[in-house]
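In: just a sequence and a predicted model for now, questions to come.
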Amino acid sequence: MSNSKPANLVFVPTGGLIGAVAGGMLWAKYVQWTGYTAGWVAFAIGVFTGLGVLLTGRSRAVSVCSIASLFAVLGIIFGKYLDVRWNALERIKTQLMDTQGISANQAEPIAQTIFAGHSTWELMRDQMQWIDLIFYAIAAFIAVYVVRSRVLHRIVFKSKQSNIINQDS
């Protein structure tokens, strides 16, 4: 494999997008199912994005790695966006029930009013912390690592070549 020019540069963003969307959905679902955010999901986003870019780009070039890191960061942002859209109303309701000592039926309309009064981006900003920058960096690093990995290139592209040779026989 050549490091200079990717075979499918047009499709590289598509692979990155698919990996970022899959990873972002995993992030939001994990938060929904457990109620916790976990940094290890940033690793998964980096792996998904890196694999998507690796499979579509077929190159270890710096430009391809840059696309992988960009989409890994976008995957986390997308995951946080989905987290707010899917989970924020329930979190607001639970917080009202805990702090105000009210029932779920009483908390529901108040939570809906609070949720409707803020944009998704405002709610995302309220949840952001400085430590999130570490998760962005981890996801970007892992995505680049996957794309640059000689071992993965050998495994992925050797197995594809073996399948083509076996089909020709």
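Out: Sure thing, it's come through. Numbering: from 1, shown residues only.
In: hmm, Leu82 is touching Gly23, no?
Out: No - applying CB atoms under 8 Å as the test, Leu82 and Gly23 come out as separate, 10.8 Å apart. For every residue, glycine as well, the C-beta is placed using N, CA and C.
In: more neighbours: which of these two?
Out: Gly23 (30 against 20; other CB atoms under 10 Å).
In: for the more buried one, which non-adjacent residue is spatially closest?
Out: Ile45 (3.2 Å; CB to CB, 6 or more residues apart in numbering).
In: next, count neighbours for that neighbour.
Out: 32.
In: quick one: it from Asp83, how far?
Out: Distance, Ile45 to Asp83, using CB to CB, to the nearest Å: 13 Å.
In: what does Asn105 give?
Out: On the measure of CB to CB, Asn105 and Asp83 end up 25 Å apart.
In: try Pro109
Out: Distance from Pro109 to Asp83, by CB to CB: 23 Å.
In: hey, what's in contact with both of Ile45 and Asp83?
Out: With contacts taken as CB atoms under 8 Å, 6 or more residues apart in numbering, Ile45 and Asp83 have Trp27 as neighbours in common.
In: please identify which of Pro109 and Asp83 sits among more neighbours.
Out: More neighbours surround Asp83 than the other of Pro109 and Asp83, with 23 against 10 (other CB under 10 Å).
In: list the buried ones in the host helix or strand of the more buried one?
Out: Assigned by DSSP states H and E, Asp83 belongs to helix 62-100. Going by neighbour count (16 or more other CB atoms under 10 Å), the buried part of helix 62-100 is 64-76, 78-84, 87-89, 91-93, 96-97.
In: next, count neighbours for Gly101.
Out: Counted with other CB under 10 Å, Gly101 comes out at 9.
In: and it, how far from Ile18?
Out: Taken as CB to CB, the span from Gly101 to Ile18 is 46 Å.
In: ok, now Leu89?
Out: 28 Å.
In: without its sequence neighbours, what residue ends up closest to Leu70?
Out: Gly16 (7.2 Å).
In: the one you found against Gly52, yeah?
Out: Yes - shown here, Gly16 and Gly52 form a contact pair, counting by CB under 8 Å, at 5.5 Å.
In: retrieve the pLDDT associated with Ala7.
Out: On pLDDT, Ala7 comes in at 55.
In: where exactly do the helices run in this protein?
Out: 12-34, 40-57, 62-100, 104-116, 120-127, 132-148, 150-168 (DSSP state H).
In: now those in a markdown table, with mean pLDDT?
Out: As requested, the helices of the chain are exported to a markdown table (pLDDT from 0 to 100):
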| stretch | mean pLDDT |
| --- | --- |
| helix 12-34 | 93 |
| helix 40-57 | 92 |
| helix 62-100 | 92 |
| helix 104-116 | 91 |
| helix 120-127 | 87 |
| helix 132-148 | 94 |
| helix 150-168 | 67 |
